[in-house]
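Undergrad: Got a predicted model here, sequence first, then my questions.
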Amino acid sequence: MAPFARVWRAVTGPETIPSHSAAMVRLFAEINRRAAPMLGLVALGLGAITLAWVGAGALVTWSALIACAIALIYVLPIAFLDGVESEKAAGAWRRKFVLATAFCGAAWAYLVLALLQSADPAAQAFATLVMLLVSTVMSLLAAAIPAAFVAGMLPMIVGVVVLYATRLHGAALPAAALAAGVIGYFLVVVQRLHAAATRNISFQEEKDSLIAELEQAKLNSDEARRRAESANLAKSRFLATMSHELRTPLNAILGFSEVMQGELFGPHGVPAYKEYSNDIHVSGQHLLMLINEILDLSRVEAGRYELNEEPVSLREVVEDCCRLLAMRARSRNLVVTEALEPELPCIWADERAVRQATLNLLTNAIKFTPPGGSVVVKVGWTRSGGQYVSIRDTGPGIPPDEIPVVLSSFGRGSLAHKNAEEGTGLGLPIVKGLIELHGGQFRLTSKLRQGTEAVVIFPRERVMDPSEPPPETEQPRKPLFGRKRRHPAEAA
């Protein structure tokens, strides 16, 4: 028995098999458990027909064999599927399934041989039909384990060979050839069904793996989001606290330094003290500006910047900003040219945010344009019916690879570092955030030695219809429909 056991184990596989093969064993068990009751009905019908050619004794023997085989095919899959650790011993269960299928094939072979031994040609034709039917059923039930199909058909092959070995002549030759051809054909069918089932299980495993990875990624994302929200809340609390703690002494510094700078209580005994007080005042103003910009940027990034929306004339805001910075431009010998579209309707926006964005862009243009250069400020219509502000300078420009840097928080280009220009690197990120809060766009284009252009675009939905009353703060904004657009923005 030991050599036979070794040969059988080599054919059916080891005790433990890969998870892929274990899934095939489970598929085999599920198919056979569902098909066993139907197989019993088929056997009952065939047995009733066989009564015409086979004696009662042989039919009773076959009925007992096929009943035991079908019961075995039905019970074994249930035991495997209900087992707790059946997957770990899938190799042993596969051998059991192969043995059960071989026993079932032997039962069917008994019926086929009993029919072939009859002298009635109708009985032999019916035997061929039974053989075709059994081969078809076996190929469907055992596709997950090809060895089970071979074991199930082997008794029938051996029986037919033994039966026809002594009479392979005349009408027996076509019957033997048909039997061999049928079994060979269905063996090929089993191999193809097995390959298809293997691919399906492989795809299922890949899908399950992807789902598991997605679930893990979602858990990681939720945890990261929770930590980010916690960190953002801590940052907001810190900034709120530091805003009060820094502004209180800073206001005192600015007030006293201004008093000392103006010598309100008498002249300084040492002239250098006046210069020192002026430096203190300028440094305090710079620090106050830095605090304000950090707070504004933090509120924008946290989505807590509340827009105080009202009708705003974009033309008037830009004109005011140009007047405020006119003296600084003249001190640098710069020419500021204004090209403002007349009779522009108001936009529904936060005037303080629009003014701050315009001042930041104008300040940057004046700061980085060399003496003798020019700054062109445009206000007009976009092609889509919105409004835009364009500020173009004749400065040295920004390298293309540095544009993402200057648009990031605290990002400063190489030119600012080289010229030691004052600034925190927050102006452009604040502009971008404020404009995006309005649903608009901010574009920055630049070429080396040709200058830089910053364009702020407000969408069409922000443009108000002069014939309609101003919308409420929480009501949808009324766009300007049917208005003739003039001078479309080249950059927009």
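TA: Looks like it came in fine.
Undergrad: so where do the strands sit in the chain?
TA: Shown for the chain, the strands assigned by DSSP state E span residues 309-312, 335-340, 347-350, 374-381, 387-393, 441-447, 451-458.
Undergrad: Quick one: list the elements packing against the first one.
TA: Packed against strand 309-312, as judged by 3 or more C-beta pairs under 8 Å, 6 or more residues apart in numbering; DSSP states H and E, are the following elements: strand 347-350, helix 351-368. (C-beta placed from N, C-alpha, C; glycine too.)
Undergrad: can you rerun that using 6 Å?
TA: If you count contacts as 3 or more C-beta pairs under 6 Å, 6 or more residues apart in numbering; DSSP states H and E, strand 309-312 packs onto strand 347-350.
Undergrad: in the strand it packs on, what counts as buried?
TA: Judged by neighbour count (16 or more other C-beta atoms under 10 Å), strand 347-350 contains these buried residues: 347, 348, 349, 350.
Undergrad: Could I get the phi/psi values of the residue nearest to the last one when sequence neighbours are not counted?
TA: Distances taken as C-beta to C-beta, 6 or more residues apart in numbering put residue 307 closest to residue 350, at 4.2 Å, once the chain neighbours are dropped. Its backbone dihedrals place residue 307 at phi -80, psi 130, with angles given as degrees, to the nearest 10.
Undergrad: Could you check how far residue 208 is from residue 199?
TA: Distance check for residue 208 against residue 199: by C-beta to C-beta, to the nearest Å, it reads 15 Å.
Undergrad: actually residue 102, sorry about that
TA: Note on residue 102: its distance to residue 199, by C-beta to C-beta, is 27 Å.
Undergrad: Settle it for me: which of these two has more neighbours?
TA: residue 102 (19 against 10; other C-beta atoms under 10 Å).
Undergrad: so residue 29 touches residue 76, yeah?
TA: No. Contact between residue 29 and residue 76 fails when scored by C-beta atoms under 6 Å: they sit 7.5 Å apart.
Undergrad: Between those two, tell me which one has more neighbours.
TA: Legend: neighbour count by other C-beta under 10 Å for residue 29 and residue 76, higher for residue 29 (24 against 20).
Undergrad: and the more buried one, what does it touch?
TA: With contact taken as C-beta atoms under 6 Å, 6 or more residues apart in numbering, residue 29 is in contact with 77, 80, 81.
Undergrad: Quick check: nearest residue in space to the last one, chain neighbours excluded?
TA: Setting aside the residues directly before and after it, residue 81 is nearest to residue 29 in space (C-beta to C-beta, 6+ apart), at 5.5 Å.
Undergrad: CSV for the buried residues of strand 347-350, including distance to residue 41 and pLDDT?
TA: Rendered in CSV, the data for those read as follows (distance: C-beta to C-beta, whole Å; pLDDT from 0 to 100):
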residue, distance to residue 41, pLDDT
347, 80, 93
348, 77, 92
349, 79, 93
350, 79, 90
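Undergrad: Format those as a markdown table; extra columns: distance to residue 69.
TA: Supplementary listing: the buried residues of strand 347-350 in a markdown table, determined by distance: C-beta to C-beta, whole Å:
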| residue | distance to residue 69 |
| --- | --- |
| 347 | 85 |
| 348 | 83 |
| 349 | 84 |
| 350 | 84 |
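Undergrad: with the residues you listed in mind, which one is nearest to residue 279?
TA: Nearest to residue 279 among the buried residues of strand 347-350 is residue 350, at 35.0 Å by C-beta to C-beta.
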